[in-house]
Every structure is written in structure tokens, then in C-alpha cells.
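**Q** sequence unknown, structure follows:
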């Protein structure tokens, strides 16, 4: 069961049904006040954050706290470069330092050499291509497509 509660305009405490007062301000805004103390302080035009009655006091900014409690410094973790299996730290640093044009030229040379090797292999094998050994042409169907009930997966 949910009980509808109001919040006290001064102390920000919950006001349960049957408790508190509803005060209509001059400008027509209705405000709920939880106790006679809250009512009295509101009539005296006291602010909630400056009285010792309420939760608003805890959240309101205090005087002189900024000097005493300095902001805590966060420490950033320093990045450390380490060697990877197959490449020493010097090799990694050397690769990072070289220009992109040198790197792209090396890549082009490697691709060219790989293509030449592929062409040599094709010429050596006779250039048959991708023909199945049985000679019969068939179409591969993925396993998940067909089924008894046109639903993929295995039979249960």
C-alpha cells in the first residue's frame, strides 16, 4: 500500500496524512508545513538552510568550508610501453618514430611480393582454380537455413 506524503517546505521532512498545515502564501502558492515550529519559522521568513530543524541545512553550502577542505587531487596512471612477444621495445619505438610514407612504401612492397608469390604458385599448379575434385558442381547450403519446420537450429 502506498501512502501519499507531502514534503515540508521548510524542513523537507515527509508529512503523512492527518499531520501538518497547508499555508497559502500571498502570491497564491500553497506550501505544506510539517510542524508548528516550521510554520512559525516560515512566518518569520527564515530560510530552511539556515535553521537547525531541517535536512536542507545539511545540503546547503556552508561558510568557510572551502578553505579548510581542499579538493582531493586525483593521480593519473602513467602509460608504460612494454615489449610484446615477437617485437622488442626498441623495434616498437623505431616503428612509431618512422614516417607514414616509409610505412606505406613497405606495405606496398610486401603486397607486391605476395602477389608475385601467388602468381608463381598458380603457374606451378597449372592454373586450375577452384574446381571440386569430384568434378560435379554443387551449391553449398549453410546448416542453419534448412530444417523440418523452417526454423533454424537443431531438432529437439
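**A** Looks like it came in fine. Because the structure is predicted, anything quoted here is derived from the model rather than measured.

**Q** for residue 98, list the residues it contacts.
**A** By Cβ atoms under 8 Å, 6 or more residues apart in numbering, residue 98 lies in contact with nothing. Any C-beta I mention is one placed from the backbone N, CA and C, and that applies to glycine too.

**Q** helices and strands of this structure: which one bottoms out on pLDDT?
**A** Least confident helix or strand of the chain, by mean pLDDT, DSSP states H and E, is helix 65-68 with a mean of 59.

**Q** just give me how far stretch 74-85 sits from the chain centre.
**A** Mean-position distance between stretch 74-85 and its chain equals 23 Å (Cα atoms, centre = their mean, to the nearest Å).

**Q** equivalent analysis for stretch 4-17, please.
**A** With Cα atoms, centre = their mean, you get 36 Å for stretch 4-17.

**Q** tell me the pLDDT of residue 51.
**A** With respect to pLDDT, residue 51 scores 72.

**Q** can we start the residue count at 51 from this point?
**A** New numbering, starting at 51: the last item is residue 101.

**Q** so it makes contact with residue 60?
**A** Yes: using Cβ atoms under 8 Å, residue 101 is in contact with residue 60, at 7.4 Å.

**Q** more crowded one of those two?
**A** residue 60 (25 against 16; other Cβ atoms under 10 Å).

**Q** nearest residue to the more buried one in space, please, no chain neighbours.
**A** residue 88 (4.2 Å; Cβ to Cβ, 6 or more residues apart in numbering).

**Q** pretty sure the one you found is touching residue 58, no?
**A** Yes: assessed by Cβ under 8 Å, residue 88 is found in contact with residue 58 at 5.5 Å.

**Q** tell me the pLDDT at residue 161?
**A** 94.

**Q** can you list contacts of stretch 88-105?
**A** Contacts of stretch 88-105 (Cβ under 8 Å, 6+ apart): 58-63, 71, 73, 81, 83, 87, 106-107, 109-110.

**Q** closest to residue 151 out of the residues you listed?
**A** Closest approach between the contacts of stretch 88-105 and residue 151, by Cβ to Cβ: residue 109, at 59.8 Å.
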